[in-house]
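1. Quick check, what structure comes out for this input:
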Amino acid sequence: METPNLPAIRALRPAWNKGRIVGRKRPLKPKHVWAIWVRLELAENHRDLALFNMANDSKLRGCDLVKMNVVNVMASGQIKERASILQSKTQKPLRFEIFEGTRVSVEKWMEDELMVGSEYLWPGRFHERLHISTRQYARIVRDWVTSIGSEASAYGTQPMRRTKVTQVYKETGNLRAVQLLLGHTKMDSAVRYLGVRLEDALAIAEAIEI
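-> Have a look, this model is predicted:
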């Protein structure tokens, strides 16, 4: 009796997402922001402190944040209180406020020898790269998160961008403000970006009496 040809049995490979947190990553909570800020301040890590503060203030995409020029934030030897960056994705300017704490940290970073003659605010440490890459920025964010004992896979560069606007939305419920702060051209983009639920929208509506 002939034995039928059976398909070869292959060992099952573990799923690529086994043990990982997948789906929409969470923005940092205020307690996370404070914890990271304290650690960077105590470590006197001027570059990372300035980068962390600027990422929160600007709410820029990682690709735009890493390419920031010194002239974008400095004029007449002083850090501007407000800056404007042309977004690479939309080719539209995004204006943002640079708070005092961020201005102080950027001023300290500007005194570093690595900044001498650099046109970029976050120069690369090797000659072949003029500024840090988005991949390097992602590694830096992971280091920040793990330094406070949180799971690195739960956060990333996009959650960094959502951190401040999430708090703005929670405090005000103003989606138009969120849209402007993120530089989104459409309101529904801001809604999807924040992951606004119907329950949230109803709660805001119920709190407003006409």
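2. The host helix or strand of Ser84 - contacts with which helices or strands?
-> Take DSSP states H and E as the rule and Ser84 turns out to sit in strand 82-86. The contact analysis (3 or more CB pairs under 8 Å, 6 or more residues apart in numbering; DSSP states H and E) places strand 82-86 against helix 70-73, strand 93-97. In short, each C-beta sits where N, CA and C put it, glycine included.
3. Could you pull out the buried residues of the first one?
-> Buried residues in helix 70-73, counted by 16 or more other CB atoms under 10 Å: 72-73.
4. Roughly how far does Gly101 sit from Ala138?
-> With the distance defined as CB to CB, to the nearest Å, Gly101 ends up 24 Å from Ala138.
5. sorry, back to before: so which of the helices and strands packed on strand 82-86 gets nearest Asn56?
-> With CB to CB as the criterion, Asn56 lies closest to strand 93-97 of the helices and strands packed on strand 82-86, at 10.0 Å.
6. Name the residues of the closest one that are buried.
-> By neighbour count with 16+ other CB under 10 Å, strand 93-97 contains the buried residues 94, 96.
7. same thing with stretch 63-78?
-> The neighbour-count check on stretch 63-78 (16+ other CB under 10 Å) flags 64-68, 72-74 as buried.
8. Repeat that for stretch 35-47.
-> Neighbour-count burial for stretch 35-47 [16+ other CB under 10 Å]: 35-37, 39-40, 45-47.
9. Let me have those residues in TSV, adding pLDDT, distance to Gly124 and secondary structure as columns.
-> Putting the buried residues of stretch 35-47 into TSV (pLDDT from 0 to 100; distance: CB to CB, whole Å; DSSP: H, G, I helix; E, B strand; the rest coil) gives the following:
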residue	pLDDT	distance to Gly124	secondary structure
Ala35	92	28	helix
Ile36	90	23	helix
Trp37	92	24	helix
Arg39	95	24	helix
Leu40	95	20	helix
Asn45	96	17	coil
His46	96	16	helix
Arg47	96	12	helix
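10. now the helices for the chain?
-> 30-42, 46-58, 62-65, 70-73, 100-110, 134-147, 157-172, 175-182, 187-194, 198-206 (DSSP state H).
11. Now tell me which of those helices the model trusts least on average.
-> Lowest mean pLDDT within the helices of the chain: helix 198-206, a mean of 50.
12. For Leu130, find the nearest of the helices and strands packed on strand 82-86.
-> Among the helices and strands packed on strand 82-86, helix 70-73 comes nearest to Leu130, with 12.3 Å by CB to CB.
13. Would you mind pulling up the elements that the closest one packs against?
-> Packing partners of helix 70-73 (3+ CB pairs under 8 Å, 6+ apart): strand 82-86.
14. same question for the strand it packs on, mean pLDDT?
-> Strand 82-86 shows a mean pLDDT of 91.
15. Output stretch 75-85 in CSV with nothing but the alpha carbons.
-> Extracted in CSV, the C-alpha atoms of stretch 75-85 (Å, rounded to 0.1, in the frame of the first residue of the first chain):
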residue,chain,number,x,y,z
ALA,A,75,17.4,85.1,17.1
SER,A,76,19.9,87.8,18.2
GLY,A,77,21.6,85.3,20.6
GLN,A,78,18.4,84.5,22.5
ILE,A,79,16.0,81.6,22.4
LYS,A,80,12.6,82.6,20.9
GLU,A,81,9.4,82.4,22.9
ARG,A,82,7.6,81.2,19.8
ALA,A,83,8.9,79.3,16.8
SER,A,84,7.6,78.1,13.5
ILE,A,85,8.6,75.0,11.6
